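In: Can you look at this prediction? I've put the sequence above it.
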Amino acid sequence: MKVSIIGAGLMGHALALVFAIGGHRVRLTDNNPAALARAPSLMEKARATLDGAGEANGLTEAGLRERVTLHESLAETVADAGLVIEAIIEKPEVKRALFAELDPLMPADTILASNTSYLDAFPLMPPGRLKRAILMHWYTPPYLVDLVDLVGSPECAPELVEQVAATLRAMGKVPLVMRRFLPGYLANRIQSALSGECYRLMDEGYATPQEIDAAIIHGLGLRLLLLGQMAKADFTGLPLSAQALANGMYQPPPPRRNSETLDRALAEGHTGVMAGRGLYDWGGQDPEALLAERDRRLLALKRAIKEIGPMAGLEDKKT
Ligand SMILES: NC(=O)C1=CN([C@@H]2O[C@H](COP(=O)(O)OP(=O)(O)OC[C@H]3O[C@@H](n4cnc5c(N)ncnc54)[C@H](O)[C@@H]3O)[C@@H](O)[C@H]2O)C=CC1
Ligand SMILES: O=C(O)[C@@H](O)C(=O)[C@H](O)[C@@H](O)CO
């Protein structure tokens with residue numbers, strides 16, 4: 001399939017690699033030339049890491065350069081595209097403007113997808129595109145995290161969503177088709193609840209980022225990988241779960257649209273790994289080296305999980 005990706009940032013470049021590994025031809029664009037220019041190095045670094053673990057599906061460096069081409073022109077990027085994936089900044093009006101710009105440039109039967117984390121992108125799209133419009137939300141890094149949230153627009157036939165899901169399964173991904181739009185899908189909603197509590201704990205001085213992550217890594221993480229949260233409740237015993245709810249001792253933080261901890265970090269330019277510092281100080285380590293180290297460890301963990309097999313979730317793994 002001819003796949004066009006708009007946005008070559010943290011997600012866009014990685015999605016281009018995912019589809020190239022899946023055997024598709026990819027055209028990638030970005031309205032920031034520097035971001036577009038950086039994409040090949042980021043993709044090759046990740047490809048080499050995957051290849052080192054036998055997870056690149058035989059895609060060579062030369063093959064990557066051949067399968068993923070960079071384009072400055074939006075028209076060139078989406079000409080005769082079967083699937084266009086929008087992976088630009090999470091700002092509704094910027095997405096709306098892009099969809100309007102794309103509309104006359106794409107073939108009538110192109111499937112238009114958005115990688116939005118939370119937005120209802122369908123009202124941002126031209127009405128004539130909605131019959132073939134979906135939300136296709138990936139998790140970073142998408143070449144390692146297999147979950148892909150899929151939501152068809154209210155006008156999109158379920159058969160088309162299933163066709164996209166089948167394409168993703170053929171790429172080894174795990175599409176989770178939602179019956180209707182819900183901001184944040186499943187995993188992002190759970191992650192948002194978790195993040196909301198983490199920001200409260202930091203903002204109110206209860207914990208540092210390192211303490212929070214230690215609690216998750218040494219407390220919650222192991223069981224989540226094997227049982228998720230619902231099967232874990234079964235092992236805990238549902239009476240306790242119900243009693244804990246009834247006791248009402250845990251009150252989630254009131255919904256807020258900012259975090260002082262995040263605001264302070266951003267004000268100091270600490271935007272994350274790509275800037276060398278976020279909530280952690282990464283000691284000026286090369287971002288691409290950090291991403292590669294993350295990927296190497298995730299690959300080893302993913303292999304172990306696959307060998308052990310989860311005891312919960314959609315497939316019958318309760319062995
Ligand atoms: N960062 C993450 O972990 C994840 C992000 N997402 C979603 O994916 C989308 C992209 O996120 P990131 O890759 O993190 O952002 P990013 O900021 O790393 O990349 C966005 C790219 O889009 C480009 N761009 C902005 N406006 C454009 C336009 N009009 N035309 C062409 N290019 C344009 C920017 O130059 C930038 O390079 C967002 O909707 C985000 O919510 C989804 C899953 C995970
Ligand atoms: O974690 C991910 O990769 C995805 O859930 C995302 O959409 C983004 O990280 C988002 O949750 C950030 O708020």
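Out: Arrived safely. Ligands and ions are numbered 1, 2, ... in the order given.
In: so who does the residue of the chain found nearest ligand 1 touch?
Out: Minimum separation of the chain from ligand 1 (Cβ to the nearest ligand atom) falls at residue 9, amounting to 1.9 Å. To be clear about C-beta, it is placed using only N, CA and C from the backbone, and glycine gets the same treatment. Residue 9 sits next to 30, 35, 87, 88 when contact means Cβ atoms under 8 Å, 6 or more residues apart in numbering.
In: need the contact list for the third one.
Out: I take that to be residue 87. Contacts of residue 87 (Cβ under 8 Å, 6+ apart): 5, 6, 7, 9, 11, 12, 15, 115.
In: what do you get if the cut-off is 10 Å, keeping everything else the same?
Out: For residue 87, the contacting residues are 5-16, 28, 30, 113-116, 136, 138, 142, by Cβ atoms under 10 Å, 6 or more residues apart in numbering.
In: Same check on the last one?
Out: Taking Cβ under 10 Å, 6+ apart as the criterion, residue 88 is in contact with 5-9, 11-12, 29-32, 94-95, 97-98, 114-116.
In: How about the secondary structure of it?
Out: coil (DSSP: H, G, I helix; E, B strand; the rest coil).
In: and it, how far is that from residue 137?
Out: From residue 88 across to residue 137, the span is 14 Å (Cβ to Cβ, to the nearest Å).
In: One more: the third one?
Out: Here the distance between residue 87 and residue 137 works out to 10 Å (Cβ to Cβ).
In: what's the overlap in contacts for those two?
Out: Residues touching both residue 87 and residue 137 (Cβ under 10 Å, 6+ apart): 11, 113, 114, 115, 116.
In: circling back to that earlier point, can you tell me which of the contacts of residue 87 are in helices?
Out: Of those, the ones assigned to helices by DSSP state H are 12, 13, 14, 15, 16.
In: How many residues are close by the first one?
Out: By that I understand residue 12. Neighbour count of residue 12, defined by other Cβ atoms under 10 Å: 25.
In: Excluding chain neighbours, give the residue nearest to it in space.
Out: Among residues not flanking residue 12 along the chain, residue 87 sits closest, at 4.0 Å (Cβ to Cβ, 6 or more residues apart in numbering).
In: Over to the second one?
Out: With sequence-adjacent residues excluded and distances taken as Cβ to Cβ, 6+ apart, residue 13 is closest to residue 39, at 4.1 Å.
In: so which helix or strand takes in the one you found?
Out: Element membership for residue 39, per DSSP states H and E: helix 33-52.
In: tell me how far whichever helix or strand comes after that helix is from the chain's mean position?
Out: Sequence order places helix 61-67 as the next helix or strand after helix 33-52, per DSSP H and E. Remark: helix 61-67 is offset 23 Å from the chain centroid, using Cα atoms, centre = their mean, to the nearest Å.
In: ditto for stretch 191-202
Out: In this view, stretch 191-202 has its centroid 19 Å away from the chain centroid, taken as Cα atoms, centre = their mean.
In: which of the residues in that stretch are buried?
Out: Within stretch 191-202, the residues that count as buried by 16 or more other Cβ atoms under 10 Å are 196, 198, 199, 200, 201, 202.
In: mind listing which of those residues are in helices?
Out: Judged by DSSP H, the buried residues of stretch 191-202 include 196, 198, 199, 200, 201, 202 as members of helices.
In: Any chance of those in a markdown table with pLDDT and distance to residue 146 as columns?
Out: Below are these laid out as a markdown table (pLDDT from 0 to 100; distance: Cβ to Cβ, whole Å):
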| residue | pLDDT | distance to residue 146 |
| --- | --- | --- |
| 196 | 97 | 26 |
| 198 | 98 | 24 |
| 199 | 98 | 28 |
| 200 | 98 | 31 |
| 201 | 98 | 30 |
| 202 | 98 | 30 |
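In: Which of these sits closest to residue 59?
Out: The nearest member of those to residue 59, counting by Cβ to Cβ, is residue 198 at 36.4 Å.
In: Quick one: buried ones out of the shared contacts of residue 87 and residue 137?
Out: 11, 113, 114, 115, 116.
In: Could you identify the most distant pair in these?
Out: Farthest apart among those by Cβ to Cβ are 11 and 113. That separation is 12.2 Å.
In: intersection of neighbour lists for the two?
Out: 5, 85, 87, 137.
In: rewinding a little: for the residue of the chain closest to ligand 1, give its distance to residue 110.
Out: On the measure of Cβ to Cβ, residue 9 and residue 110 end up 22 Å apart.
In: picking that back up, between the ones in helices among the contacts of residue 87, which has the most around it?
Out: residue 16 (32 neighbours).
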